[in-house]
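>>> I'll drop the sequence and a predicted model, then ask my questions.
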Amino acid sequence: MNWSEDRQNLLTTVTNFQPGNKEVNTLRILLHGHQGAGKSSFFNSVNSALQGRITTRALAHSAVNIEHSFTLECKTYKVRKDRAGSFFPFTFTDIAGMHNVGIGIQSEDINQLLNGCVSDGYTFNPLRPITEDDPRYKRNPTLKDRIHCLVAVLPADTVSMMDDEKIRQMRVVREKAGNLGIPQVIIMTKVDEACPLVKEDLKKIYTSKKIKQKMEECSCRLGVPVNCIYPVKNYHEEGTTNTTTDILILDALQNIVNFANDHVEDQEDNE
Ligand SMILES: Nc1nc2c(ncn2[C@@H]2O[C@H](COP(=O)(O)OP(=O)(O)OP(=O)(O)O)[C@@H](O)[C@H]2O)c(=O)[nH]1
Ligand SMILES: [Mg+2]
């Protein structure tokens, strides 16, 4: 990371981006991960960095009450590009963690979601996976309906303490996405909570031994190469945006969008 790289350059690149497959107007990005991992906060941070002000469209938890996952509805968020009403050509779908049977979304539902069978706004019933007779079930999804990049969200500060079952559930989703050829990245959140030096100065993120160690741990536990892991600090309590936080968020976004785009371009080649 070149810190002198202008936030404006990243913003311009993202603003000028257009998907390279005419069949797909909008790249669909799915955020998965356990409750409190920072999925909603990551979307809010992307939106804030692009709008140039703090926004809180996806409801994030307050730190005090994260006992039950907040989001069971599958919500797809667009990001507004300008006041004229245009949107960036990507969306984020935010779903609850699949942490416990009876509370979170089930892995069979994730499969349908990856395949583009689930309409936006569907509320998952943890005890009853979506079936073909549901009116919101899309029977013949095409490439544009499918998920084009899977983003696993892991918190740097607690990744070591996550039990094996939680990790196994995330690996199941990864495998499903892998079988469908969907590219995957990890967003490692809460770097500030994992390393006091980084909390003090976010620019130390790439020299911090602690952060390097956490990235290796995420890589090892989820089975994703380290170069697909993007460490970020989400906006979670700030009143204004700042350049360093924006750069990390926008750099991660740019990579996610590029992976998603490579995927839809490859599909075109295969047709
Ligand atoms: N310090 C710090 N706190 C964060 C960061 N990202 C998220 N948080 C906090 O972590 C808590 C959980 O974040 P959410 O974004 O609600 O997590 P989620 O993954 O959407 O959780 P569910 O909707 O339950 O699945 C909130 O209190 C956030 O403010 C971060 O980068 N640093
Ligand atoms: Mg959430």
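Yes, it's here. Ligands and ions are numbered 1, 2, ... in the order given.

>>> For stretch 155-168, measure first residue to last.
16 Å (C-alpha to C-alpha, to the nearest Å).

>>> so how far is it off the chain centroid?
17 Å (C-alpha atoms, centre = their mean, to the nearest Å).

>>> Is that stretch positioned near ligand 2?
No. With C-beta under 5 Å from the ion as the criterion, ligand 2 is not reached by stretch 155-168; the gap is at least 12.6 Å. No exception for glycine: its C-beta is placed from N, CA and C like everyone else's.

>>> does ligand 1 sit close to that stretch?
No. Stretch 155-168 stays out of contact with ligand 1 when judged by C-beta under 6 Å from any ligand atom, the minimum separation being 7.3 Å.

>>> Other residues contacting that stretch?
Applying C-beta atoms under 8 Å, 6 or more residues apart in numbering, the contact partners of stretch 155-168 are 34, 36-38, 99, 154, 188-191, 193-195, 211, 214, 217-218, 221-222, 231.

>>> model confidence over it, on average?
On average, the pLDDT along stretch 155-168 is 92.

>>> Then stretch 87-95?
pLDDT averaged over stretch 87-95 gives 92.

>>> Could you double-check that Gly121 sits in contact with Lys75?
Yes. Using C-beta atoms under 8 Å, Gly121 is in contact with Lys75, at 7.1 Å.

>>> can you give me the helices for the stretch 1-150 of the chain?
Assigned helices in the stretch 1-150 of the chain, in chain order: 7-16, 39-51, 107-114 (criterion: DSSP state H, counting those that start in this stretch).

>>> what about Phe124, distance to Pro155?
22 Å (C-beta to C-beta, to the nearest Å).

>>> correction: Val79
23 Å.

>>> Report the buried members of the contacts of stretch 155-168.
For the contacts of stretch 155-168, a burial check counting by 16 or more other C-beta atoms under 10 Å picks out 34, 36-38, 99, 154, 188-191, 194-195, 211, 214, 217-218, 221-222, 231.

>>> just checking: which of the contacts of stretch 155-168 also lie near ligand 1?
Within the contacts of stretch 155-168, those near ligand 1 by C-beta under 6 Å from any ligand atom are 36-38, 189-190, 193.
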